[in-house]
Structures are given as C-alpha cells and as structure tokens.
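In: Next one to model:
(one chain, ligands or ions: 2)
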Amino acid sequence: MKKVLVTGALGQIGTELVMYLRNIYGNNNVIASDIAKKGSEKVIEAGPFEIIDVLDVRKIDEAVEKYNPDVIIHLAAILSAVGESNPSLAWNVNMYGLFNILEVARSKGCAVFTPSSIAAFGPSTPKDNTPQDTIQRPTTMYGVTKVAGELLCDYYFSKYGVDTRGVRFPGLISYEALPGGGTTDYAVHIYYEAVKNKKYTCYIKEGTYMDMMYMPDALNAIVSLIEANPDKLIHRNAFNITAMSFAPEHIYSEIKKIIPEFIMDYNVDPIRQAIADSWPNSLDDSAAREEWGWNPKYNLTLMTKDMIEKLSVKLK
Ligand code: NAD
Ligand code: AKB
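Out: Ligands and ions are numbered 1, 2, ... in the order given. A predicted model of the protein is given here:
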C-alpha cells in the first residue's frame, strides 16, 4: 500500500486524483496539499490536507517528515495561458517548485511523479503523429518550463537515483473542477456552456487540432505509471500519451448530436491561438503503450455523452 503526497491538489487534476487515490490506497494514505484551502471540500475534509506553497522548501520537507510518503505527485504549476500573461510567475512556480520537490525527494528517498504537457513541443516539432523523442523548441514560457522539468527529472534519476516518472498530458477534459488557465480549456468550457446556455463562443479557430483526454483516462495513466515495473521503463519521464485529437468543429458536432439546439460561433483570441498553433496536432503514444500498457478508454463520442450526462445533473 503506497502513501502519497499530492501538491496542487485543489486544481483540475488534483480535485479528482486525490479522491481516486484515496479509493485505492485509503483516505489516510493520501495527503492533499495546495497553496491555500480553497476548492473541493471533499479533498480538504475526507483525508489529511496541508497548506504547502511549493516555493517554500521547508514546508515540503516538514510535510514529508510528518507523513513519510513513498511518492510525491507534484501537480502545482502555472499553465500555458496564465504563464504567457505572467512568465516570471510561471518560471518561478514551475521551475523552483519542481526543484524543491526533487531536492526533498532526494534527501528523504521518495519517488516523484510530475506531468509534462504537449506544450513541451513547439513549431519546429513534427506536427502529426509527433514522436516520443523529437525536436523540443517550445515558444511559450510554460513549454520552456515543461522541457526543462522533463530534463531535471531525468537528471535526478540518473544522477541521484530518484525514481522520477511522468507523462506529457494533452488537454484534459473534466466536470469536477474547472481548468486553471490553459489553452485547451475551450474543450471544457464548451460543455458547460452547451448544457447551461446552448451557446458557446470559441476562442480557438476552426481547423485547429490538439490532443485531448477525458479525466478518467488521465487518472488511470497516473496510477498505471506510478505502479509500473521500473525494469520495463525506458523513458521514465515525459511519456507521450493521448486519447483523441480534434478541432473545435468536431466537438461542436458531437455535442449537437445530443443537444440539437446548441450553437457555436468564434471570437479567436490571438494569444491562445498562437499557443495552440505551436503545439502538435496529434501525438504518437506507442512508447507508453509498450512500456507500461497505456490504453485509453474514452474517445470523443463516449466522453461527450458522459460529460453531458454529468453536467446536466451538476448544473441543474
Ligand atoms: P490547475 O491550474 O488546475 O491546478 C494547479 C494547482 O496548483 C492549483 O490548485 C493552484 O492553487 C496550485 N498552485 C499554484 N501555485 C502554487 C504554489 N506556489 N504552491 C502550491 N500550489 C500551487 O492545474 P492542473 O490542470 O491540475 O495541472 C496539474 C499539472 O498537470 C500541471 O503540472 C500541468 O502543467 C499538468 N498538465 C495539465 C493539463 C490539463 O489539461 N489540465 C495538461 C497537461 C499537463
Ligand atoms: C494548457 O492548455 O496549458 C494545458 C496543457 C495542455 O498543458 N491544458
């Protein structure tokens, strides 16, 4: 039975991941933490919760000393759109936060899981079926921190033997917590607006393909990789994973099959469009499939049905 400390636990992923992990490992074996106690009451109250600013290495060290986790799942970060409006915040939180986590993990003997992103690629990366190992010259501060983070995690493994693991998540779609300021957020907002108002104005241009994934597959990926046999892992950090690739018009058509009166127009945001244009259209995730059995369950049709069912209850 693993004991896990989660940072950034009140964000889009953490809100669901903490409850998912508590079902597997037990409430008291999953310690949630975030910079403030603002978010899901279930996460804060159903098990241990600590306020940890990941820029405060002493606080991380104290929590690890107190709970003695086997793994730190490090989710605290600044995402792409917020990162472009405040690059120095993105650099500080994403780089020093990760560095602090790795340092504590090294001194206390914990494993570390931290997500990278499709943002670790840039305009010179092959756009279609983007290989696992390829050119990485991102043009956003978020992407720069993600590439540097992948390398830092590899370094802590090869230099110090810290058991670091991670995936490159695509845009994640979920109904429990709203996304925290990324470029792929349109693919979450569109469902909320379709269910609430039957109308959505999309800030990403028609024809812009990006990889996406439904949250249940993302949660399964995290647990599968932290539980994977280390002897089988060649890449360890930054595995490409994906479940689907689509453009705004495809998600729109899929929603319209269930909500025929739904309408969508466009008001393109040049900043988020430029970010989206710099990212791949679709990833090759064969390394994850081969090394630890990655196999997503949800495609666009199944996800759309489930999102609309869940949001229809939630937003009633
Ligand atoms: P989010 O923005 O929803 O949540 C991030 C959390 O970090 C927030 O709860 C915030 O309060 C917390 N945080 C910010 N600064 C902090 C600090 N200094 N100390 C402690 N906590 C702090 O993000 P998310 O979507 O849950 O993403 C988690 C991780 O997954 C990030 O590394 C992100 O880059 C990665 N990722 C997410 C997606 C996605 O679509 N959600 C896709 C690819 C990668
Ligand atoms: C973002 O859009 O910034 C995130 C991501 C793909 O990393 N959802």
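In: In stretch 303-316, which residues are buried?
Out: Using 16 or more other Cβ atoms under 10 Å as the test for burial, stretch 303-316 gives M303, T304, D306, M307, I308, L311. Backbone N, C-alpha and C define where each C-beta goes, glycine included.
In: which ones are touching the residue of the chain found nearest ligand 2?
Out: Closest residue of the chain to ligand 2, Cβ to the nearest ligand atom: G182 (2.4 Å). Applying Cβ atoms under 8 Å, 6 or more residues apart in numbering, we find G182 in contact with L79, S80, A81, V82, G171.
In: if I look at the third one, how far off is K66?
Out: Okay, so that is A81. 35 Å (Cβ to Cβ, to the nearest Å).
In: if you count what's nearby, which of those two comes out ahead?
Out: Shown here are A81 and K66; by other Cβ atoms under 10 Å, A81 has more neighbours (21 against 12).
In: and whichever strand or helix holds S158, which residues are buried?
Out: Assigned by DSSP states H and E, S158 falls within helix 141-160. For helix 141-160, burial by neighbour count (16+ other Cβ under 10 Å) applies to 141-150, 152-154, 156-157.
In: Which positions in this structure make contact with ligand 2?
Out: Proximity of the chain to ligand 2, by Cβ under 6 Å from any ligand atom, involves residues L79, S80, S117, I118, A119, Y142, P170, G171, G182, T183, T184.
In: mind redoing it with 8 Å?
Out: Those residues of the chain that sit near ligand 2, judged by Cβ under 8 Å from any ligand atom, are 79-81, 83, 117-119, 142, 146, 169-172, 179, 181-185, 210, 275, 279.
In: Could you list which of those residues belong to helices?
Out: Counting by DSSP state H, the residues of the chain next to ligand 2 place S80, A81, G83, Y142, K146, I275 in helices.
In: Phi, psi for E50 please.
Out: phi -130, psi 140 (degrees, to the nearest 10).
In: Report the contact partners of it.
Out: Contact analysis of E50 by Cβ under 8 Å, 6+ apart lists I31, A32, S33, K59, A63.
In: and the residues you listed, which two are the farthest apart?
Out: Among these, the pair separated by the greatest distance (Cβ to Cβ) is A32 and K59, at 14.1 Å.
In: neighbour-wise, which of those two wins?
Out: Set A32 next to K59 and count neighbours by other Cβ under 10 Å: A32 wins out with 30 against 18.
In: Wait, that one touches G14, no?
Out: Yes. At 6.9 Å, A32 and G14 qualify as touching, with contact defined as Cβ atoms under 8 Å.
In: Which neighbours do the two have in common?
Out: Jointly contacting A32 and G14 under the rule Cβ under 8 Å, 6+ apart are V6, V43.
In: if we can go back for a sec, keep only those of the buried residues of stretch 303-316 that are in helices.
Out: Per DSSP H, the buried residues of stretch 303-316 map to helices at M303, T304, D306, M307, I308, L311.
In: Kindly reformat those residues as CSV containing pLDDT.
Out: Formatted as CSV, these follow (pLDDT from 0 to 100):
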residue, pLDDT
M303, 98
T304, 98
D306, 98
M307, 98
I308, 98
L311, 98
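In: next one: phi and psi at the residue of the stretch 151-300 of the chain found nearest ligand 1?
Out: Nearest residue of the stretch 151-300 of the chain to ligand 1 (Cβ to the nearest ligand atom) works out as G180 at 2.1 Å. In terms of degrees, to the nearest 10, the main-chain angles of G180 are phi -100, psi 30.
In: Could you report the neighbour count for it?
Out: G180 sits with 18 neighbouring residues when counted by other Cβ under 10 Å.
In: T183 too?
Out: Quick note: T183 (other Cβ under 10 Å) scores 32 neighbours.
In: Also I259?
Out: 15.
In: now I234
Out: Around I234 there are 9 other residues, counting by other Cβ under 10 Å.
In: For the most centrally placed residue in the chain, give the beta-bridge partners.
Out: Closest residue to the average C-alpha location of the chain: F169 at 5.3 Å, with Cα atoms, centre = their mean. F169 has these beta-bridge partners by DSSP bridges: S117.
In: need the strands for this structure, in chain order.
Out: 4-7, 30-34, 49-51, 71-74, 111-113, 116-117, 164-165, 167-169, 171-173, 199-202, 210-214, 239-240, 244-246, 263-266 (DSSP state E).
In: Please convert these to JSON lines, extending it with mean pLDDT.
Out: Formatted as JSON lines, the strands of the chain follow (pLDDT from 0 to 100):
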{"stretch": "strand 4-7", "mean pLDDT": "98"}
{"stretch": "strand 30-34", "mean pLDDT": "98"}
{"stretch": "strand 49-51", "mean pLDDT": "98"}
{"stretch": "strand 71-74", "mean pLDDT": "98"}
{"stretch": "strand 111-113", "mean pLDDT": "98"}
{"stretch": "strand 116-117", "mean pLDDT": "98"}
{"stretch": "strand 164-165", "mean pLDDT": "98"}
{"stretch": "strand 167-169", "mean pLDDT": "98"}
{"stretch": "strand 171-173", "mean pLDDT": "98"}
{"stretch": "strand 199-202", "mean pLDDT": "98"}
{"stretch": "strand 210-214", "mean pLDDT": "98"}
{"stretch": "strand 239-240", "mean pLDDT": "98"}
{"stretch": "strand 244-246", "mean pLDDT": "98"}
{"stretch": "strand 263-266", "mean pLDDT": "98"}
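In: Good, wrapping up.
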